[in-house]
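Visitor: Predicted structure and sequence below. I'll ask about it afterward.
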Amino acid sequence: MAEHVIAIDQGTTSTRAIIFDRSGAPVATGQKEHAQIMPRPGWVEHDPVEIWQNVQEVIGIALGRADLTRHDLAAVGITNQRETTVMWDRRTGRPVCNAIVWQDTRTQGIVDRLAAEGGVDRFADAVGLPLATYFAGTKIAWILENVAGAREDAEAGHLLFGTTDCWVLWNLTGGVDGGVHVTDVTNASRTMFMDLETLQWREDILAEFGVPRSMLPEIRSSSEVYGRAESSSLLRETPIAGILGDQQAATFGQAAFEAGESKNTYGTGCFLIFNTGREMVRSQNGLLTTVGYKLGEAPAHYALEGSIAVTGSLIQWLRDQLGIISSAEEVEALAAQVPDTGGVAIVPAFSGLFAPYWRPDARGAIVGLTRYSDRRHLARAALEAVALQTRDVLDAVNADVAAADGVPLSELRVDGGMVVNDTLMQCQADVLGVPVVRPRVTETTALGAAYAAGLAVGFWEGLDELRANWDEDRRWVPGIGPEERERRVRRWRKAVEKSMDWVDADLRE
């Protein structure tokens, strides 16, 4: 009898395969990074072929380390970087170009064109999203308008679009030989094309973007059997039974299943999701309305989301571009050498500012520098930037919840790679003024995908069993008073203002 589930976590910087047991504990992991391709300022790309090759390799690594085979696996779950856009030829399986990553800002001209009639919220009532370079819709339009032959092949029915979950699933189930072209409601809700009420593609919005309907995958629930791994795979005949976009997967892995429950994931970016249950809450404060999950035939659950573009990638920037640290782990030790930032603030608006500001004209800024400032202050300011961006989002969540007569967030469950940084977690509790709680299993993104897949095949019986798996590892409580907290927030927001209005029409980089 199979006693494990495997999750494929196709992320922004790497791809992982993690095997979980019935208690939700990770048994073994395989991981490989892929290249971050940045051919121009504001452009961020990935090679889909490299990603697929890595998927196959990390599956083998995880199985080898666990000393398991496909016979020990009940199901496969997939989770993924969401808005990153892949377009490929169904006849050959070859991508027409590199994937355009969610952080990429090249489509601002398309955003401006579409927003000329009706503004950036032109489609928000239907899809829950503002017009922004972040989402997949404008990326699809850009490829069709700029890659030679793409428009003609798309209109002839030869091209397929998918976020990376779709790309992995299609290849895993056979590719050109019968690959399944499916996505789930959480990923579909990040395209700008899915109606949040009907959970179907909107033909009128597709027409406005100039995207043929034939390119799009079928929308399914987050937990059902979509197909089985093809015969040449190490997972041969194992059912692929769960798909969740990475942030929704992390929320599911945190057992935040009901209205009022939430989580914050610290990865390449930072994403706070607040579950609103079966009710859609329309944000008045710069948040996104999105689908949280849908289990089989059950109704969808919705959420408010605050999306921050740059958090973990800010630490990578300190390492790779500035060279002031040699490893991501070094930033904590460096920051701990000083009691504060020395007045320095970093606003990492490398792709503009996401929630709650939505300012594509913003760019990164380091302010408050003096002769006293050194790399220790920059390291501490980088950690504070992560925490303070989350404070901005949490203020928006509480404002929306209060307007809907709900209860404000009383504690924040956290996950993702950066939560091992105790200095960051304490800083987060300090600037929020609420406890920050880290679970025993921090790989909640992969765990959420595993849970969705396991539920679909009966490996786990229901949500109560999954709740029982959740266990607290550590809790941080605020260590500063309200006056100091608001002083830090006030200085941060002055710095944010300095980052705005940088990009003019002739300076769009």
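Guide: Received the coordinates, thanks.

Visitor: which residue ranges form the helices in the stretch 51-200 of the chain?
Guide: 108-115, 124-127, 136-146, 150-155, 164-172, 185-188 (DSSP state H, counting those that start in this stretch).

Visitor: which of those helices sits most buried?
Guide: Sort the helices of the stretch 51-200 of the chain by mean neighbour count, taking mean count of other Cβ atoms under 10 Å, and helix 185-188 sits at the top with a mean of 29. From N, CA and C alone the C-beta is placed, and that goes for glycine too.

Visitor: Which SSE is immediately downstream of that one?
Guide: Next along the chain after helix 185-188, taking DSSP states H and E as the criterion, comes helix 203-209.

Visitor: now for that next one, which elements pack on it?
Guide: Contacts defined by 3 or more Cβ pairs under 8 Å, 6 or more residues apart in numbering; DSSP states H and E place helix 203-209 against helix 136-146.

Visitor: Show residues contacting the helix it packs on.
Guide: Residues outside helix 136-146 that contact it (Cβ atoms under 8 Å, 6 or more residues apart in numbering) are 82-85, 87, 96-97, 100, 104, 106-107, 110-111, 114, 131-133, 150-151, 154, 161, 163, 190-193, 205, 209-211, 215.

Visitor: ChimeraX command for the buried members of these?
Guide: Burial among the contacts of helix 136-146 is assessed by 16 or more other Cβ atoms under 10 Å; the matching ChimeraX selection reads:
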select :82,83,84,85,87,96,97,100,104,106,107,110,111,114,131,132,133,150,151,154,161,163,190,191,192,193,205,209,211,215
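
Visitor: before we move on, the earlier item: pipe the helices of the stretch 51-200 of the chain into a markdown table and attach distance to Val44 and mean pLDDT per row.
Guide: Shown next, in a markdown table, are those (distance: least, Cβ to Cβ, whole Å; pLDDT from 0 to 100):
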| stretch | distance to Val44 | mean pLDDT |
| --- | --- | --- |
| helix 108-115 | 14 | 95 |
| helix 124-127 | 23 | 93 |
| helix 136-146 | 11 | 97 |
| helix 150-155 | 19 | 96 |
| helix 164-172 | 14 | 97 |
| helix 185-188 | 19 | 97 |
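
Visitor: Reformat those helices as TSV; add distance to Leu234.
Guide: TSV is the format used below for the helices of the stretch 51-200 of the chain (distance: least, Cβ to Cβ, whole Å):
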stretch	distance to Leu234
helix 108-115	40
helix 124-127	38
helix 136-146	30
helix 150-155	32
helix 164-172	10
helix 185-188	25
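
Visitor: Could you say which one of these comes nearest to Asn285?
Guide: Counting by Cβ to Cβ, Asn285 lies closest to helix 124-127 out of the helices of the stretch 51-200 of the chain; the figure is 13.3 Å.

Visitor: Which segments of this structure make up each domain?
Guide: 4-247, 310-439+471-503 (the TED database).

Visitor: so where's the stretch 351-500 of the chain shaky on pLDDT?
Guide: 406-407 (pLDDT under 70).

Visitor: Looking at this structure, which helix is longest?
Guide: helix 375-403 (DSSP state H).

Visitor: Can you list the buried residues in it?
Guide: So, applying 16+ other Cβ under 10 Å, buried residues of helix 375-403: 375-401.

Visitor: How about stretch 400-414?
Guide: Asp400, Val401, Gly406, Leu409, Leu412, Arg413, Val414.

Visitor: neighbouring contacts of it?
Guide: 254, 256, 259-260, 262-266, 272, 274, 281, 283-285, 287, 304, 394, 397-398, 425, 428, 432, 434-439.

Visitor: Span of it from start to end?
Guide: Taking Cα to Cα, to the nearest Å, stretch 400-414 runs 21 Å from one end to the other.

Visitor: about what we covered before: are any of the contacts of stretch 400-414 buried, and if so which?
Guide: 254, 256, 259, 262-266, 272, 274, 281, 283, 285, 287, 304, 394, 397-398, 425, 428, 432, 434, 436-439.

Visitor: Just those residues: which are in helices?
Guide: Leu394, Val397, Asn398, Met425, Gln428, Leu432.

Visitor: quick one, what contacts Gly433?
Guide: Per Cβ under 8 Å, 6+ apart, neighbours of Gly433: Pro478, Pro482, Arg485.
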